[in-house]
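Trainee: when you get a sec, could you give me coordinates for this:
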Amino acid sequence: MGWFSRQEVERGITGSAAQITRSEATDIQRLNQAWQERAMGYYDIVPEINFATSFYSRGLSAVRLFPAIRTVEGEVEPSEDPQLLELWERVQDPSGGRKALQSNYGKLRFLIGESYLLATINSLGDEVWEIVSKSEITVNNDGTIIRRRNDSSEPEKLVPLKATDAELTPGRCLIYRLWRRHPRKSYLADSPMRASLDVCEELVLLTLGVRARIRSRLAGAGILAIDADVTLPAADEQDESDEDAFIRTLGEHLMEPIGDEGSASAVVPYLMRIPTAGRKISDLIHHIQIHNPDEEFPERGMRKEAVERLANGLDLPAEVLLGLKGANHWTSWQIDEQSWELLAPTVQEMADDFGGAYLRPAAKAENFDNWMNVCLDYDEAEIVTRPDRTKDAFQAHDRLIISDASARQAGGWTEDDAPDEEEWQARVGIKIRDPGMIPGGTPKSSTPQSDTKSPPEGPPEKPPAPSKPDASLIVGAAEFAVERARELAGSRIRTRSKTCGPCQSSINGFPNSMVAAVLGPATTVANAGDGADLVKGAGDSLVRLLMRRGIDSSLARQVGIMVEEHAANTLYLTEPPPLNLEEALA
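Mentor: Modelled structure (predicted):
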């Protein structure tokens, strides 16, 4: 069977992508699956499916995709190469950007597990890139494609370009199939909706049952039994042949407020003559109910159970669909870190699909060096809503637990707001009580001030012994440097382990100084390197600082080495012990 070739993406979990040429276009005709039409139908009539689809649509549309290069070590680094940037900027919505592309990709990925990236030339001569469903395209026997934009417009006949063709002209198109592979037949599409179609059908039938019961109850409001002796006040003036005058006028009085809510009959009581003759009014007028108004609909419980099954079966957090844990249909589109863990694989699939189908082959066609390592990476900063930890971050910062960068990030500031070297030294001086580190301050001295009086006459005194270095300055700065070394290690771990999904999930929400302790030595070494490599260079700024404060260079370098060694040896401890500098200062 001549299926068109598929490009397996290295990091994709179940994603596949391929460009479709004219010779391979007829293969699309064999990929039609009946369940996909059912899934699209339930999107229109089942609100839970519509909302779940919007969850993916909104989530993926806010993610920023950018070109990247996979290094020899397996890390993915952003690329600023103008050639790659130009190739990727080519893929845009008609109105600019890629939000609509990514939004439609998310919808179709969730519903039917398959979409088509289509590039055409519009009437103005501009390129138009779209994500379309298979319902919008038809493949002819000659390999050409019919594109239907709407029911009223004339269908377009398009010729798919070959992978080596570079120019896109009117009547020609670039088309790529993006699909989530089925585990049994990888050329077929799969999606979370496929296994939930019967549950959706249950929901539709139960909803119809509830609607039928409501309509039945509204239409059957019971029977109003009225004795024949009950008449109108002016019954003697009416035509005696009109036996139903009372029933007719009573019915008009009851029906008028339904048609006219402002009618006086809605508040004015109805007048009638009731000859009691020893009988109770309830014997003359009696309302007979043909159903119990307190009766529960059995379909309601069944429908709730079906929604719970649906929430557990779909590939998204169950509480998003059920409205639990403070999430509802108005707030759950904001993705927290827990929800992001479920959404991230689909985002990765999207990056791999776009990169594997278009960007990497385009880079190869442009003779880009190292094209085989070209890929797309993503930034989730605009979609993930993290908890407000500003107050806790500032308290931790005051106690020197987290870095300046972490505190700025928690408060919404950027690295441009960071203090310069002079301000940083002043802050350290305040912490260790050294006025000399503050601009305009007087350095601390371990020797007494010289007497302003003239020395007494006599033989010269022996020169004073060299003063010892200020221990408090060295110890305070060294402890501060140890914390910064741990933060540097944490930052390096985050960068080097970016492709490790479980690692990123484990360290989300923890400051950089705690990253190594959270992951543990085995995971950290396997994904980021050993402790000595992670803290390498952390003591350099301490050495420069001590030398500027008058500390001997050899002692300053020794302290810098001790700081790095101590930070490396205690990197996996939650709270490192104090650094022992007694031997160095002896």
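Trainee: in this protein, which helix is the longest?
Mentor: Counting by DSSP state H, the longest helix found in the chain is helix 471-496.
Trainee: show me which residues of that helix are buried.
Mentor: By neighbour count, and taking 16 or more other CB atoms under 10 Å as the criterion, the buried residues in helix 471-496 are 473-494, 496. Any C-beta I mention is one placed from the backbone N, CA and C, and that applies to glycine too.
Trainee: confirm that Arg300 sits in a strand.
Mentor: No - if the criterion is DSSP: H, G, I helix; E, B strand; the rest coil, then Arg300 is helix and not within a strand.
Trainee: which strand or helix spans the closest residue to it other than its chain neighbours?
Mentor: Closest residue to Arg300 in three dimensions, ignoring its sequence neighbours and counting by CB to CB, 6 or more residues apart in numbering: Val210, at 6.8 Å. Of the helices and strands defined by DSSP states H and E, Val210 is found in helix 197-219.
Trainee: pLDDT (mean, whole number) over that helix?
Mentor: For helix 197-219, the per-residue pLDDT values average out at 80.
Trainee: again, but for stretch 74-83
Mentor: Averaged across stretch 74-83, the pLDDT comes to 87.
Trainee: chain center to it, what's the gap?
Mentor: In terms of CA atoms, centre = their mean, to the nearest Å, the centre of stretch 74-83 is found 23 Å from the chain centre.
Trainee: before we move on, back to that, show me what the next helix or strand after the helix holding Val210 is packed up against.
Mentor: Of the helices and strands lying after helix 197-219 in sequence (DSSP H and E), the nearest is strand 223-226. Of the remaining helices and strands, those touching strand 223-226 by 3 or more CB pairs under 8 Å, 6 or more residues apart in numbering; DSSP states H and E are helix 245-259, strand 285-288.
Trainee: same thing but 7 Å
Mentor: Of the remaining helices and strands, those touching strand 223-226 by 3 or more CB pairs under 7 Å, 6 or more residues apart in numbering; DSSP states H and E are strand 285-288.
Trainee: parallel or antiparallel, which strands does the strand it packs on pair with?
Mentor: strand 223-226 (antiparallel) (DSSP bridges).
Trainee: from what I can see the residue nearest to Arg300 touches Gly301, true?
Mentor: No - the pair Val210 and Gly301 fails to qualify as a contact (CB atoms under 7 Å) at a distance of 11.0 Å.
Trainee: these two: which has the busier surroundings?
Mentor: Using other CB atoms under 10 Å, the more surrounded residue of Val210 and Gly301 is Val210, with 16 against 11.
Trainee: what's the neighbour count on Glu423?
Mentor: Using other CB under 10 Å, Glu423 has 11 neighbouring residues.
Trainee: enumerate every residue touching it.
Mentor: Applying CB atoms under 7 Å, 6 or more residues apart in numbering, one finds that Glu423 lies in contact with no residue.
Trainee: ok but it is inside a strand, no?
Mentor: No - with three-state DSSP as the criterion, Glu423 is helix rather than part of a strand.
Trainee: per-residue confidence for it?
Mentor: 75.
Trainee: same check, this time on Ala393
Mentor: According to the model's per-residue confidence, Ala393 sits at a pLDDT of 68.
Trainee: sorry, back to before: against which helices or strands is the helix or strand following the longest helix of the chain packed?
Mentor: Following helix 471-496 in sequence order, the next helix or strand is helix 501-507 (DSSP H and E). Other helices and strands packing on helix 501-507, by 3+ CB pairs under 7 Å, 6+ apart, are helix 515-519.
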